[in-house]
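K.L.:
show me how the following folds:
(2 chains)
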Amino acid sequence: MPIATDDMLQKIKDRQWALADIDWNAPGAELITDEQRPMLKDFMADVVWVEALGACGFKALELKVEDPYLKEIYRYFQAEEQRHANAELALMHRWGMLEQDEFPEPTVQLRLIMQWLDKNVDKMSLGVLGTLIPMLEVALDGALLKFLLDEVKDPVCHETFAKINSDESRHLAVDFHLLEVLGMPRTRHLVINTVATFLTPSVLMGLVQFAPLLSSTRDKIIGIGLPEEKLYRAIRRFGEVGDKSPTTPRNPIYQAVKYYGNMVMDRHHPFHRYVGDPLVAITNRYPRRWLKPKPSWTESLAYEPAA
Amino acid sequence: MTGARTKRRTPDPQTHEVMIVGAGVSGLCTAARLLNTGIRDVIVLERNATVGEPPRRRLPGAPCDIPSMLYPYVFNHDPRRPQWTAVRPSANELGDYARRLAGHFALDRLIHFDQEAVRLEYDRPDARWVAQTHAGQSFAARAVVVALGSVPVARIPDIPGVERFGGTTIHTADWDDGVDVAGKRVGVIGSGASAVQLVPELVPHAARVKVFQRTPRWTLPWPAHAGAAWDRALLRTVPFSQATARYAVLCAHEPWSVNRLVRPALTTAIERVATAHLRRQVGDPWERRLLSPTYRAGGRPTLVSSDYYPALGSTNCTLLHWPIATVSEAGVRTADALEHHVDVLVLATGSDVAGPGARFPIVGNDGRTLSRGHTDRAGSYKGVNVAGFPNMFLVPGPGPRPERSSDLIYLDARIDYTVRAIGEITSGALRSLDVRDDAQRTYHRTLRTRLANTVWRADGIRDGRHVTAGGFDPTVYPGPATDYAAALATVRLSDYIIERAPARTAVGALNGSAPASAAGRPPNGKG
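P.N.:
Just a heads-up that it's a prediction; the model follows:
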């Protein structure tokens, strides 16, 4: 279902919101139990950084797409991902999980991805970015955030995530629109593109580095009590929505990403025993001092409504 | 009718041959060239008390767009050719030139100072133009040259809530020297020529500066501020350096005007230099990414500044690339959900170069008023004449304007054309010279067709630029400036409706004693 990108842009512009729209001191923060707190802090920190990485991804998409409206839409989406990260940061502060001016520390897996993205994101093809990003968003939106709302009773959290989810629904609509467009070229072109994509060393390196992030995040989520089945269903939704379109399934990159997603979510897949788990183990022992300094955009996150 | 009433109120002014509105560089140059061709009965109306006063509202800092660097070279082949002391001169230098021009040709005697025109109207029965001034006087001449310079009209950005802002809002095109930014939080919306010029001036004084960027621009290095010592020395000592500098600057600005075979190489060269400049001045890779343009060089005016990037890097300056969601009472809300509180909001969102008529009404045949809308719709003839406004010449006029091209060639060509056409009027004893509607339409249509095939349409120029409803940018000439000059080299009388003076004498017509045309008087506007 291709969308009218100009209408979508207008809709996005009309639905902007700000941290100042939410009363961060409203009652309800005490509904977080002490038992939840440490786990939730870990989880929220990951979510904040994944959103921030999403912003980077959208920046790359903005540079890649041709349609001027789509370009502008992705300019907004970057900011919106940043907005979600800011809002989640504000929630963490509200729940007393962070000291004044403290930023949650990204995990090593996140740092590696950050480092990789910084160097390679502009080299990635539109096909890879346009396929990978929706998959991650579906997982984030469909499973994590809904789960969070089931577990957390704070009304401000619900208010915030209602806004975030309505943004995400637009993101998904545009994501699937792009997927559909990506599946339109002639078969020959699709095949050439795919082969070229997977012959790129940076893409292969990226896939290897993404695996431990996905695996560890997945395990963390299962660890805090999200039923495995829910997560699996969320990832499957990516394939279900994509397969409905007449053109999306024609794109081999899409098929590959779909397969990859299903594989990572399925704990019984041999992938975990031979690739995923060893990589998580290795990266967990990765010396932090080998990491390059955090890119400067990480400092642009903020939780105060007024800057 | 009303026309008669006006006449009764003010004594009938003497009709001169040529009246020039505006004693700026272009006005004085026109006057000088008219004198040179033997047309002596010229008057100039000037709103200031002296020649060469700097513009009333001037943005602090050195101009960063290339046209402003080219500007001073205008009229280089004039008898008193100015010796510019720097490739990038200050505004005063321009004033100096105007003064020197006035002195050399003794133009002061032609100028009526303190006469700001408030209305210009064609008096059809007498075939003359009558100007009313603020001082209550009127002046008349057979031909009128409107040389008001390019009056910038602030382009207000399409951002919701701009009018709601509680602090001081100021537009760069309408700068007020009285604004004090010392110790204040300043937000600058825009990152084009005016922002690049202004931000380095704001940063040392303001407490905080936040620059809200939409499109990063190709920026070439330019050492220090106006008139760096080496720059002066170079121009003074090295032969042909003026010409070389001028040509280099012109090429950098109009890469599309150079040979098709050389063009890609030139565009790439500009991009390389600009990228190297960015790498040298901005250390942080992410910041560099935000500042890297995504269009091919030449798609928008290339800027020159060596102060902008360092200013952005100051501790009290932040570059924000998020889209602006809305402006609130306290400041600017960006789409990343933060509200940036500011005391002063600077709209550096550019300006439209208004055609004449923006400041006061110009009324032609049949009550037609000249306005931007009119010239955008109907176009103009070679950017100098407009149908329905006989004997009127626009120097900076509608149509292709120098915003994206070199003033040098455009203005020069227009002034030459104007002088030649006025020569035709006086020597041929013509009553009036009015562009034929169909000639103007043909010209306009050709421009549109050619423009459709240029980089201006192809590249991301559409967003935010002044493109009229039909997707046509009336300010762009779809070819090299030299092409434009060539098109203006001859006056094609067949493109004009010519009213000849009655057989008696030209002087008779000149004094308005023989209303030859029986056509109805122009209904007056209410002004």
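
K.L.:
so which bits of the stretch 251-400 of chain B are right by chain A?
P.N.:
Residues of the stretch 251-400 of chain B found near chain A (C-beta under 8 Å from any C-beta of the partner chain) are B:284-287, B:289, B:294, B:322-323, B:325-326, B:328, B:330-331, B:333-341. Yep, even glycine has a C-beta here, placed from its N, CA and C like the rest.

K.L.:
and those residues, which of them are buried?
P.N.:
Among those, the ones that count as buried by 16 or more other C-beta atoms under 10 Å in any protein chain shown are B:286-287, B:289, B:322-323, B:325-326, B:328, B:330-331, B:333-341.

K.L.:
just the pLDDT for residue B:188.
P.N.:
Residue B:188 is assigned a pLDDT of 95 by the prediction.

K.L.:
swap in residue A:135?
P.N.:
84.

K.L.:
so which helix or strand takes in it?
P.N.:
Using DSSP states H and E, residue A:135 maps to helix A:126-139.

K.L.:
show the contacting residues for residue A:28.
P.N.:
Contact analysis of residue A:28 by C-beta atoms under 8 Å, 6 or more residues apart in numbering or on different chains lists A:153, A:154, A:155, A:156, A:157.

K.L.:
and stretch B:130-143, C-alpha only, in PDB?
P.N.:
Output in PDB follows, covering the C-alpha atoms of stretch B:130-143 (Å, rounded to 0.1, in the frame of the first residue of the first chain):
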ATOM      1  CA  VAL B 130       5.400  62.000 -13.000                       C
ATOM      2  CA  ALA B 131       7.000  61.300  -9.700                       C
ATOM      3  CA  GLN B 132       5.600  62.500  -6.400                       C
ATOM      4  CA  THR B 133       8.000  62.800  -3.600                       C
ATOM      5  CA  HIS B 134       7.800  62.600   0.200                       C
ATOM      6  CA  ALA B 135       8.700  66.200   0.300                       C
ATOM      7  CA  GLY B 136       5.500  67.000  -1.600                       C
ATOM      8  CA  GLN B 137       7.200  68.000  -4.900                       C
ATOM      9  CA  SER B 138       6.700  66.400  -8.300                       C
ATOM     10  CA  PHE B 139       9.100  65.800 -11.100                       C
ATOM     11  CA  ALA B 140       8.400  64.800 -14.600                       C
ATOM     12  CA  ALA B 141      10.400  63.300 -17.400                       C
ATOM     13  CA  ARG B 142       9.800  61.500 -20.700                       C
ATOM     14  CA  ALA B 143      11.700  58.500 -19.700                       C
END
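
K.L.:
so which helix or strand takes in the nearest residue to residue B:203 once chain neighbours are set aside?
P.N.:
Computed as C-beta to C-beta, 6 or more residues apart in numbering or on different chains, the closest residue to residue B:203 that is not its neighbour in sequence is residue B:311, at 4.5 Å. According to DSSP H and E, residue B:311 maps onto helix B:308-313.

K.L.:
just to revisit the earlier point, closest to chain B out of the contacts of residue A:28?
P.N.:
Nearest to chain B among these is residue A:156, at 14.4 Å by C-beta to the nearest C-beta.

K.L.:
the closest one: what's it in contact with?
P.N.:
Under the criterion of C-beta under 8 Å, 6+ apart, the contact list for residue A:156 reads A:22, A:23, A:24, A:26, A:28, A:29, A:91, A:94.

K.L.:
list only buried entries from these.
P.N.:
A:22, A:24, A:28, A:29, A:91, A:94.

K.L.:
in strands, which of these appear?
P.N.:
Among the buried ones among the contacts of residue A:156, DSSP state E puts none in strands.

K.L.:
which element follows the lowest-mean-pLDDT helix or strand in chain A toward the C-terminus?
P.N.:
When the helices and strands of chain A are compared on mean pLDDT, DSSP states H and E, helix A:201-223 comes out lowest with a mean of 77. Counting by DSSP H and E, the next helix or strand C-terminal to helix A:201-223 is helix A:228-244.

K.L.:
next, the buried residues of that following helix.
P.N.:
Going by neighbour count (16+ other C-beta under 10 Å), the buried part of helix A:228-244 is A:230, A:231, A:232, A:234, A:235, A:236, A:237, A:238, A:239, A:241, A:242.

K.L.:
low-confidence ranges in the stretch 251-400 of chain B?
P.N.:
Applying pLDDT under 70 to the stretch 251-400 of chain B picks out residues B:251-260, B:352-359, B:371-378, B:397-400.

K.L.:
just to revisit the earlier point, flag every buried residue along the least confident helix or strand of chain A.
P.N.:
Residues A:203, A:206, A:209-218, A:221 are the ones in helix A:201-223 that count as buried (16+ other C-beta under 10 Å).

K.L.:
distance from the chain centre to that helix, please.
P.N.:
12 Å (C-alpha atoms, centre = their mean, to the nearest Å).

K.L.:
okay, angle between that helix and helix A:228-244 too, please.
P.N.:
Using axes from the mean of the first three to the mean of the last three C-alpha atoms, to 10 degrees, one finds that helix A:201-223 and helix A:228-244 are set 140 degrees apart in direction.

K.L.:
residue A:265: which of the buried ones among the contacts of residue A:156 is nearest?
P.N.:
Within the buried ones among the contacts of residue A:156, proximity to residue A:265 (C-beta to C-beta) peaks at residue A:91, which comes in at 26.2 Å.
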